Every structure is written in C-alpha cells, then in structure tokens.
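Asks: below is the sequence, then the predicted model.
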Amino acid sequence: MTDQPRLSLLDRSRTRAGEDDAAALRGTVARASRVEGLGYDRFWVAEHHGVPGVAGSAPAVLLAAVAGATTRIRIGSAGVMLPHHQPLVVAEQFTTLAAFAPGRVDLGLGRSPGFTAPVRRALRQVDRDFAADLAELRAYLDGTAEITLRPQPVAPVPMYVLATGRGLQVAAELGLPVVVGGPVLGVAGDPEPGLAALAGYRRDFRPSAQLAEPWVAISLDVLVADTDAEAADLLLPEAWAMALSRTTGEFPPLEPVAAVRAARRTARQQQYLDETAAAAVAGSPAHVEARLAELLERTGAAELVAAGSTYDRSALAASDAALARLLG
C-alpha cells in the first residue's frame, strides 16, 4: 500500500470471562505500551457505563494511566460522550491530562446515549444541543470563553467528532475532524449513503483555527492472523457478545473461542454473528491489506482506527503486530 494513513488502535477495555474488571484496565495500559513500540501513531480509549463487558468508563482517568506508561504515542478519547458531561469539566480534565503528556492528547467526542434506561437515568440524560456543547468546549480550550480554563493548556488539545449523520454536518460547520465507522463505511452493505455523507462533510466544511481542510478517520474491527480461518475464530468472541446483546439485552465479557463454538444459538443470533463478521476486516495479511486498501481509497481516510478485540490476549498482540507490519 502507498501513501500510508496514520495507524491507531481503539481499545474499549473489554472484560474476559473469568477475569475481574481491573484486569481489563491493566490490559489496556499494557497494550498501549506494546503498540507504541510497534510504531502506532495513536491509542484511543472509550466511554461506556454499566456495561458488563466493558471496564472503560472514565476515559480521562484511564488515559492518565496510559500516559504514564508511554512516552511518544498520541493518546485520545473515542470518545467522551458529551451529553453526559458539562463542557467545562471535560475541558478541565483534558487540559489536566495534557499537562502530564503535552502535545500528545486528543479529545474525541460523541453523543451516544447510555446503554440502558437505568444508565440513562443515572447519568441524568437530557436532550442537549451537541453543536452548542462542542462550541462551548472549544471556547474553553482556545481561551475565548468568558471563563479562563484551569489548568491553562500547555499544548493544544485537538477536538475530534465521532460522527454519523447529523454529527458530520456539525463537524463540517465547526471545522472539526471526524472519526466515522459502522454504517457510514458501508462495509457490510450499500456504501453509497456513507460516501454521500462524507462528500457532504467535505463540501460543507468550514476551515477553523484547528483545521484548514476536512479530515476523516475510519474506525472498524480489524483482526489479522496467519489464515482467514484463524482470523474468523479471533472475531468470534466479540461477534458472540454482540449477538447476545441484541437478543438478550446484555453485552457480556468475551468468552473463549471454544466456548462460543459450543454455545447453542438461535437463528437470529447466527444472523447477528454473520452481520458482525461481514462488517469487520478479519483475515490473513494479504486479505486484510486488500480490504483496507479499498476502504481507505474509497473514503479518502487519513487514519485507520482499528477497534478489534478477542478473548486471547496473545493472539490480539500478534494481530496488532501484523497490522503494524502492513500499515506501519
């Protein structure tokens, strides 16, 4: 592949059956340290609340641990769910983080609701104006708000928008970079609506102090193994968790491949397994390289955010290393 994009990882701190949640967080920090040595450009963490299969609920806190275990790699949130927070508090958290890792911190922002109704109630979920919150947050970070931010940023903290649909339009209006995935990419379906949405973002983009031209990253599950069959096995634990979440309402910890294979499944669960597999890029190095080349060319993306996970940590480490060899 030529004109290589930036290469980054999104680690959701997925829990494993038989482990406590703390092990997932330690695994995230260890993974960040390891992929820094592999040459990855950026390491993202996410925000989830009350999800049995995800230990990452506090991105700023987790990123502080990641910052302490790394020296070069950029670190960021993908993302902080802005409707759950006051913009001033988010700005304070990330400028505090940037004080310990100057020039390495990125603030990705989304607006997904809580996973369940009780979580949404606990978060005091209300309808918020996402565009207004983004603008307010940017004003704190760039020093144009009526409140002087403390701590004062020692280096800029760039903002990114995790965008679908209306989010792309908001990002274009504010002149912000976007991270897109899922339906926007059209990996498992018709790519035309997503391409039209990206074209609209680029067409309507208004240059800002942070960004002169539109900028797009794509995010999807990517797993690499020696063969396509081995990579399909790596994808099974995550795909099974997704199938269970859609049929039982609970997103569970990752289970070993053998346990997933032995589990009884309904036709609907098998359908969801197949859909998750179709939406991922998993296979041998040659297969993954070809699929990613097509996706990157089609979307014009400047960065790949690989978000794959699996039960076997050593197999995941091998996948990360193989991907670095392809795109590093």
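Replies: That came through fine.
Asks: use CA for all of it now, contacts and neighbours both
Replies: Will do.
Asks: for the biggest helix by length in the chain, packing partners?
Replies: Using DSSP state H, we find that the single longest helix of the chain is helix 228-248. If contacts are counted by 3 or more CA pairs under 8 Å, 6 or more residues apart in numbering; DSSP states H and E, helix 228-248 sits against strand 222-224, helix 257-262, helix 267-279, strand 281-283.
Asks: closest to D233 out of those?
Replies: D233 lies closest to helix 257-262 among the helices and strands packed on helix 228-248, at 6.5 Å (CA to CA).
Asks: what stretches of this protein score poorly on pLDDT?
Replies: Applying pLDDT under 70 to the chain flags the ranges 1-3, 114-115, 188-189.
Asks: do a quick rundown of the helices in it.
Replies: Under DSSP H, the chain gives helices at 21-38, 59-69, 87-100, 117-122, 130-142, 166-174, 192-204, 228-248, 257-262, 267-279, 285-299, 313-327.
Asks: can you give me the neighbour number for T144?
Replies: T144 has 12 neighbours, counted by other CA atoms under 10 Å.
Asks: dump stretch 113-122 to PDB, restricted to CA.
Replies: Listed next in PDB are the C-alpha coordinates belonging to stretch 113-122 (Å, rounded to 0.1, in the frame of the first residue of the first chain):
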ATOM      1  CA  PRO A 113     -26.900   7.700  25.000                       C
ATOM      2  CA  GLY A 114     -26.500   5.300  27.900                       C
ATOM      3  CA  PHE A 115     -26.700   1.600  27.200                       C
ATOM      4  CA  THR A 116     -29.900   1.000  29.200                       C
ATOM      5  CA  ALA A 117     -32.700   3.100  30.600                       C
ATOM      6  CA  PRO A 118     -31.300   2.800  34.200                       C
ATOM      7  CA  VAL A 119     -27.900   4.000  33.000                       C
ATOM      8  CA  ARG A 120     -29.500   7.000  31.200                       C
ATOM      9  CA  ARG A 121     -31.400   7.900  34.400                       C
ATOM     10  CA  ALA A 122     -28.200   7.600  36.400                       C
END
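Asks: just the residues contacting it, thanks.
Replies: Defining contact as CA atoms under 8 Å, 6 or more residues apart in numbering, one finds that stretch 113-122 is touched by 48-51, 81, 83, 123, 125.
Asks: distance from the chain centre to the longest strand along the chain, please.
Replies: Counting by DSSP state E, the longest strand found in the chain is strand 74-81. Its chain's C-alpha centre and that of strand 74-81 lie 7 Å apart, by CA atoms, centre = their mean, to the nearest Å.
Asks: starting from it, tell me which strands it pairs with and how they run.
Replies: With DSSP bridges as the test, strand 74-81 is paired with strand 42-45 (parallel), strand 105-110 (parallel).
Asks: out of those strands, deepest packed?
Replies: The highest mean neighbour count among the strands paired with strand 74-81, using mean count of other CA atoms under 10 Å, belongs to strand 42-45: a mean of 27.
Asks: return the distance of that one from the chain's centre.
Replies: 7 Å.
Asks: need the helices of the chain in TSV with mean neighbour count and distance to D106, can you?
Replies: Converted to TSV, the helices of the chain look like this (neighbours: other CA atoms under 10 Å; distance: least, CA to CA, whole Å):
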stretch	mean neighbour count	distance to D106
helix 21-38	19	15
helix 59-69	20	10
helix 87-100	20	8
helix 117-122	13	26
helix 130-142	19	12
helix 166-174	21	16
helix 192-204	17	21
helix 228-248	21	27
helix 257-262	14	34
helix 267-279	17	27
helix 285-299	16	22
helix 313-327	18	21
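Asks: nice, that's everything, thank you.
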